[in-house]
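In: Dropping the sequence and predicted coords here.
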Amino acid sequence: MTSQIDTPLWILSLSDHAKIASVIDCFTRLELPYIEVRDTKNYHIIFTLNCSLSKVKREGLIQGVELKVTRFNKLIYKGYQLSRQNQSIMLTMPPAQLTYLAHYFKYGVYNHHRPESRGNLVYQSIECIYNRYREELMAIYDYYRYLTDKKALAKIAYFAYESLVCTVAHKYRLTKKCARLKLNSRGFHSISPLTYRLPHTGEPYTLKGVRTVLREVYSLLTTDPTTHHHLKKIFK
């Protein structure tokens, strides 16, 4: 049975992957409930304490690893739901949050599966519309990178793509089926950051364009996502 709990969380980040086995052994010896999260650069362990923090650090030194532990900032990561299932902890997205995200970004009414067109975007090029959706999802994915189960992110990405189809259909006065075909013909098959590839446009992508895209992506992934205008009012 899964239940919501209010327990202080701690987070440990490792850039040296050679130390992971020793750290996991340390947590296993102390019987600490934890979650493992990997990203492109670091390996993170989010855990709760059933003993003193100093004891955890001492055990780490015994294993030959200096553990640099910090509090998991609940203010920054508001929007996560902490629950306990059996003897493990889980970080999930509250079901109502999907509805709120869809409403905030004007993707439509998620709980009734009614994607909507974004009228304020129809005067932009199809590339600009696509990139707007993609950047929003990249920020959402980065914010929720610690989720134990990523299914919620896949759901919001799929719903956002349906909204993109509605927006393109509105822009060109097409049916949704024809709008999908138009997106597919331009290489815009998905807007999920996990499956994104630069679309083939038939023309060489300029070096200036590459630098611009990389700069935007770097900014999104290396700064606090709550500072971006897409996420300033993301939470209630």
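Out: The structure has been received and is ready for your questions. Nothing here was measured: the structure is a model prediction, and the numbers come from that model.
In: Doesn't L164 belong to a strand?
Out: No - looking at L164 with DSSP: H, G, I helix; E, B strand; the rest coil, it is helix, so not inside a strand.
In: so who does it touch?
Out: Contact analysis of L164 by C-beta atoms under 8 Å, 6 or more residues apart in numbering lists 129-130, 133, 183, 188, 191. Every C-beta, even on glycine, is put in place using the N, C-alpha and C of the backbone.
In: these two touch, right, E162 and R114?
Out: No - the pair E162 / R114 is not scored as a contact, 9.3 Å apart, by C-beta atoms under 8 Å.
In: anything in contact with each of the two?
Out: Both E162 and R114 are contacted by G108, under the criterion C-beta under 8 Å, 6+ apart.
In: buried residues in the helix or strand hosting S13?
Out: Take DSSP states H and E as the rule and S13 turns out to sit in strand 10-14. Counting neighbours by 16 or more other C-beta atoms under 10 Å, one finds that the buried residues in strand 10-14 are 10-12, 14.
In: Could you chop this protein up by domain?
Out: The chain resolves into domains spanning 2-92, 95-227 when parsed by automatic domain parsing.
In: Using a markdown table, please lay out the ones you listed together with mean pLDDT.
Out: Shown next, in a markdown table, are the domains of the chain (pLDDT from 0 to 100):
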| stretch | mean pLDDT |
| --- | --- |
| domain 2-92 | 80 |
| domain 95-227 | 82 |
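In: Any idea how many residues pack against D39?
Out: Residue neighbour count, defined by other C-beta atoms under 10 Å, stands at 12 for D39.
In: List phi and psi for it.
Out: Per-residue torsions, D39: phi -130, psi -170 (degrees, to the nearest 10).
In: Quick check: it vs D149, distance?
Out: According to C-beta to C-beta, to the nearest Å, D39 and D149 sit 16 Å apart.
In: Equivalent analysis for I140, please.
Out: Computed as C-beta to C-beta, the I140 to D149 distance reads 15 Å.
In: What distance do you get for G108 to Y130?
Out: Distance of G108 to Y130, computed by C-beta to C-beta: 17 Å.
In: Looking at those two, which is more packed in?
Out: Under the criterion of other C-beta under 10 Å, the comparison of G108 against Y130 puts Y130 first, with 22 against 19.
In: Just give the closest residue to the more buried one, not the sequence neighbours.
Out: F188 (5.1 Å; C-beta to C-beta, 6 or more residues apart in numbering).
In: Looks like that neighbour contacts N131 (just checking).
Out: No - at 9.8 Å, F188 does not count as touching N131 under the criterion of C-beta under 8 Å.
In: neighbour-wise, which of those two wins?
Out: The neighbour comparison of F188 against N131 (other C-beta under 10 Å) goes to F188, with 23 against 16.
In: which SSE is that one in?
Out: Per DSSP H and E: F188 is located in neither a helix nor a strand.
In: So what does it have for phi and psi?
Out: Dihedral angles (degrees, to the nearest 10) for F188: phi -100, psi 70.
In: again, but for P115
Out: Torsion angles, degrees, to the nearest 10, at P115: phi -70, psi 150.
In: Thank you kindly, that will do.
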